[in-house]
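In: Predicted model, plus sequence, below.
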Amino acid sequence: VQLVESGGALAQAGDSLRLSCAAFGRGLSGYAIAWFRQAPGREREFVAVINWSGSTILYADSMKGRSTISRDNAKNMVYLQMHSLKPEDTAVYYCAANGVTSDRDDVMDYWGKGTLVIVSS
């Protein structure tokens, strides 16, 4: 599975952005998809995860109420809609695939290369 993120941009505090994760190859069949982010000088951190059917969704505390993860399995796409962006949301955002729904980056099987989000105050 190859994952390609898009949608990163320079945004103002308070703006909204939608990130996309496209899957190529065997597609997303059976995979949970998670979003992680890594800010400069900081460790990668979990953002959100959605299981294959969309019935299980988890968010990091920092993103609860400000983001929505969704997926379109027919299109092999996963989305992360973010609202009320803050400067501390500045990071490279990665999507990752795993057969098990998890918030741990060390269990992910596949990773994209990331998309950069910069939020100015």
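Out: The structure has been received and is ready for your questions. Residues are numbered from 1 along each chain as shown.
In: Show me what residue 33 is bridged to.
Out: For residue 33, the beta-bridge partners are residue 50, residue 97 (DSSP bridges).
In: That one contacts residue 96, doesn't it?
Out: Yes: contact criterion Cβ atoms under 8 Å: residue 33 and residue 96 qualify, at 7.1 Å. From N, CA and C alone the C-beta is placed, and that goes for glycine too.
In: who has more neighbours, those two?
Out: Of the pair residue 33 and residue 96, residue 33 is the one with more neighbours under other Cβ atoms under 10 Å, namely 28 against 23.
In: contacting residues for the more buried one?
Out: By Cβ atoms under 8 Å, 6 or more residues apart in numbering, the contact list for residue 33 reads 21, 49-50, 69, 71, 78, 95-97.
In: ok, the most centrally placed residue in the chain - contacts?
Out: Geometric centre of the chain, nearest residue: residue 35, 2.7 Å, by Cα atoms, centre = their mean. Counting by Cβ under 8 Å, 6+ apart, residue 35 makes contact with 19, 21, 46-49, 69, 78, 80, 93-96.
In: could you pull out the strands for this protein?
Out: 2-6, 10-12, 17-24, 32-38, 45-50, 57-59, 67-72, 77-82, 91-98, 110-111, 115-120 (DSSP state E).
In: Residue 104: which of those strands is closest?
Out: Of all the strands of the chain, it is strand 45-50 that lies closest to residue 104, at 7.6 Å by Cβ to Cβ.
In: can you state the direction angle for that closest one and strand 17-24?
Out: Orientation check (axes from the mean of the first three to the mean of the last three Cα atoms, to 10 degrees): strand 45-50 against strand 17-24 gives 70 degrees.
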